[in-house]
Structures are given as structure tokens and as C-alpha cells.
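Undergrad: Dropping a prediction and its sequence here:
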Amino acid sequence: MNPNTVNTPNSRSTNTTQEAILRTENVSVTYGSFQALRGVTLDILKNQVTAFIGPSGCGKSTLLRCFNRLNDLIPGTKVGGKVTYQGADIYADKVDPVQVRRRIGMVFQKPNPFPKSIYDNIAFGAKINGYKKSEMDEIVERSLRQAGLWEEVKDKLKESGLSLSGGQQQRLCIARTVAIEPDVVLMDEPASALDPLSTRKVEELIQELKEHYTIIIVTHNMQQATRVADMTAFFNAEAEEGGKRFGYLVEYDRTEAIFNNPREEYTRQYVSGRFG
Ligand SMILES: Nc1ncnc2c1ncn2[C@@H]1O[C@H](COP(=O)(O)OP(=O)(O)OP(=O)(O)O)[C@@H](O)[C@H]1O
């Protein structure tokens, strides 16, 4: 197989110069007896921004959590199929999920800084992950700069992270995530709780971060997907017998193709705002 070709039965063959850093093969997720997601196969391209879009309940966050084994923390959840990171199965027996999360970080919908100082919000995780105390000032500054927050907070690093505005708190959480130098940053609707100005800052930040990181973002905001994402995966939820619904991948392609020239009628209807 050509490693430079997007590998999914639900996509056009899209030649790119990017390699896949994460890959799902026929991934399904069940919560107890409920199948939330069925048969997802897709490649996430390195140093690209990939958006997951689709109506509520189609499994976008569920799939996102598969990439750093966060679903492991939800009792009764089973992940079927295969998820590989740089070619290695992240669900293999010998793999420590903590190490997976070290490489694949996550930013949540609601900013959730620790009730600690701005400095310690970043230093805390860095210390746990083995960074030396002598390096800490440098790590804190680098991370805050990468998150576009340094100029706003450099004179009040000892103040509580909770004293910042919502948008600043979210950038602090992004700084905390990048402090330990992951390869991938997963973002679950990172701007949905923010005002338009803060949203714009986070979107600009995503563009800058992709130079160093691979980013996957779940978003309900289709304009946001067109602004930030190189690739877009559209998911839908389908009813099966008995009225139960499961999420599945409808189409995956370059963002401009998904929005301007989708192959599937469902995608066309969704991106034109006709359902969802
Ligand atoms: N912890 C859980 N336990 C049981 N069912 C769950 C759990 N989390 C999600 N689900 C169900 O799995 C399905 C997919 O949910 P998920 O949150 O992944 O969808 P989503 O596309 O991200 O939705 P939204 O856009 O509303 O956030 C939904 O039917 C949801 O109710």
C-alpha cells in the first residue's frame, strides 16, 4: 500500500505528502450493550488538523477517546478493531495507557485548569512526566508561548489558573497539554464554551500548533472546520432494527472536498445545514 495515500474505504484516494501517525481499522465501540460506533477505518495524517463533524450522538467524542484510551476509564466500554499509533497497536496487552496519553494529549470542551497557580498548572504534569525542576522555568515559558498566553500572564505566574478568563483558561489547558511535548493533541469542542474573540484565538493557535503537533478536533461548528482543518471526517448515526442507533463514518477527505464537492448525499445535506 502507498503510505502517502489516505487509507479508508470511505474516502477518495487522496494523494498527500503526509504520513499517517494514527490509524483505525474497523473500530467499533460499545458502552455495555449499546453500540455507539461501528466499523471506522481512517488514517490521521501527521502534522495536519483533522476535524470530526456530524450530528449529535454519532460517536465523534467516542472515537476521539479511542486514540488515547480514555474510553478505558468508562466502565463497561469495549473497543473492537485496531488503533495504531506509529504502527504500534495501542490496545496491545503490554501497552501502558498512561504512556499512550503521554504521547497523545487531550484538551476538553470546558476549560479545566487545576486549582493551582498558572505556573504550577504547567509544572505539575511536567514533573510527573519526569522533567527536571531545573528545566521548569523554561518549560513553563515555552508552553505558554506556544499557547499564545505568555504575554498575558508572564507577570502573574503565581496567580491561580482559575483567575483567568474562560478563553485564557482554555489556552492554559492547551499549554499544559503541550508542556510534555506530545505528538498528537486531541481537542473535544475546545472553543464551544468560549466567546467569539477567544474562539478566534484558539483557532489561530491550532494553525500554529500544527507545525509541531498532529491535531484532531471535534467540532459542531462547520465554519470552524473549514477554517482550521486540512482533513474532515463526517460521521452520522444510523438507526438499526429496534430503533437503536449507531455512529459510523460516512466520508473522509480533504476539508475542501467535504464542503464543496462531497461524494455522499448525507454529507452534502449536512454541510449545507439541511439536517443535524
Ligand atoms: N459513557 C457513556 N455511556 C453510555 N453511552 C454513552 C457514553 N458516552 C457516549 N455514549 C453514547 O454514545 C453515543 C455517541 O456519543 P458521543 O458523545 O461519542 O457522540 P458525539 O457525536 O460526540 O455527540 P455530541 O456531538 O453530542 O457531543 C451517544 O448515543 C451517547 O449517548
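TA: Good, I have the coordinates.
Undergrad: Val228: what's it in contact with?
TA: The neighbours of Val228, taking C-beta atoms under 8 Å, 6 or more residues apart in numbering as the test, are Val49, Ala51, Glu203, Ile206, Gln207, Ile217. Placement of C-beta: from N, CA and C, glycine included.
Undergrad: Would you mind listing which of the residues you listed are buried?
TA: Neighbour counting with 16 or more other C-beta atoms under 10 Å marks Val49, Ala51, Glu203, Ile206, Ile217 as buried within the contacts of Val228.
Undergrad: Hmm, the first one is touching Glu208, no?
TA: Translated: Val49. No. Counting by C-beta atoms under 8 Å, Val49 does not reach Glu208; the two are 10.9 Å apart.
Undergrad: the bottom helix or strand of the chain by mean pLDDT?
TA: Least confident helix or strand of the chain, by mean pLDDT, DSSP states H and E, is helix 196-209 with a mean of 92.
Undergrad: Tell me the helices and strands packed up against it.
TA: helix 166-179, strand 214-218, helix 222-228 (3 or more C-beta pairs under 8 Å, 6 or more residues apart in numbering; DSSP states H and E).
Undergrad: quick one: it to chain centroid distance?
TA: 15 Å (C-alpha atoms, centre = their mean, to the nearest Å).
Undergrad: If we only consider the buried ones among the contacts of Val228, which is nearest to Tyr31?
TA: Ile217 (22.8 Å; C-beta to C-beta).
Undergrad: Nearest residue to the closest one in space, ignoring adjacent ones along the chain?
TA: Once flanking residues are discounted, Ile217 sits nearest to Met187: 4.4 Å by C-beta to C-beta, 6 or more residues apart in numbering.
Undergrad: Kindly report the same for Asp72.
TA: Closest to Asp72 by C-beta to C-beta, 6+ apart is Pro97, at 5.6 Å.
Undergrad: Can you report how many residues lie near that neighbour?
TA: Residues lying near Pro97 (other C-beta atoms under 10 Å) number 15.
Undergrad: Okay, buried residues for the least confident helix or strand of the chain please.
TA: In helix 196-209, counting by 16+ other C-beta under 10 Å, buried: Ser198, Thr199, Lys201, Val202, Glu203, Leu205, Ile206, Leu209.
Undergrad: One more: stretch 104-119?
TA: Ile104, Gly105, Met106, Val107, Phe108, Gln109, Pro111, Pro113, Phe114, Ser117, Ile118, Tyr119.
Undergrad: Quick check: beta-bridge partners of the first one?
TA: Applying DSSP bridges to Ile104 gives these bridge partners: Val184.
Undergrad: tell me which parts of the stretch 51-200 of the chain are close to the ligand?
TA: Neighbours of the ligand within the stretch 51-200 of the chain, by C-beta under 6 Å from any ligand atom: Gly54, Ser56, Gly57, Cys58, Gly59, Lys60, Ser61, Thr62, Ile74.
Undergrad: hmm, 5 Å instead?
TA: Within reach of the ligand by C-beta under 5 Å from any ligand atom, the stretch 51-200 of the chain has these residues: Ser56, Gly57, Cys58, Gly59, Lys60, Ser61, Thr62, Ile74.
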